[in-house]
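Chemist: Next one to model:
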Amino acid sequence: MTERSTVHATFTIERHYLATPERVFRAFADPVAKARWFIGPEAWVKAEHDIDFRVGGAEHLRILSVDGDAHVFDATYHDIVPDRRIVYAYQMHVGETRLSVSLATIELEAVGDGSRLLFTEQAAFLDGNDNVGDRQAGTEALLDHLGDEVEGRSNGSA
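Modeler: Just a heads-up that it's a prediction; the model follows:
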């Protein structure tokens, strides 16, 4: 029998972008924009990405690692306040193995000539298949990609 365990963890990441909260919010809400920055490591291949950005809507992302393993992100949006807040619950899988179930909150506010983004995740890591350090590092990389998107440094974004 497989050993079962649950490790609870919370982490917060703060980012400042030279872009308005409206522009940062749009990078989450617009499926075309989000597809440019919500990506895995460079060598990985995006197989599917569907977004229904509304309260009660869902997002599904499946990417393939260089080993061919399918990594899946499935989310449901629970609260959306335009240009201010996004709250969603999500689970991560590799193949048939559920890694975690999380609640994520994104808060945006205007600061000077840009925005402050505060990302907070409350996670339950399951059966030793993932950990808070790896998850935080992955989220930090995604938020760096978001910065490239909203500050005009990525694939054709303006």
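
Chemist: which other residues reach stretch 57-68?
Modeler: Outside of stretch 57-68, the residues that reach it under the criterion CB atoms under 8 Å, 6 or more residues apart in numbering are 38-41, 43-53, 70-77, 88, 90. Backbone N, C-alpha and C define where each C-beta goes, glycine included.

Chemist: Would you mind checking the residues you listed for buried ones?
Modeler: 38-40, 49, 51, 53, 71-75, 77, 88, 90 (16 or more other CB atoms under 10 Å).

Chemist: Out of those residues, list just those in strands.
Modeler: 49, 51, 71, 72, 73, 74, 75, 77, 88, 90 (DSSP state E).

Chemist: Looking at these, which is nearest residue 134?
Modeler: Proximity to residue 134 was ranked across those by CB to CB; first place goes to residue 71, at 12.1 Å.

Chemist: What residues does the closest one make contact with?
Modeler: Neighbours of residue 71 in contact, by CB under 8 Å, 6+ apart: 40, 44, 62, 63, 64, 65, 92, 93, 94.

Chemist: All good on my end, thank you.
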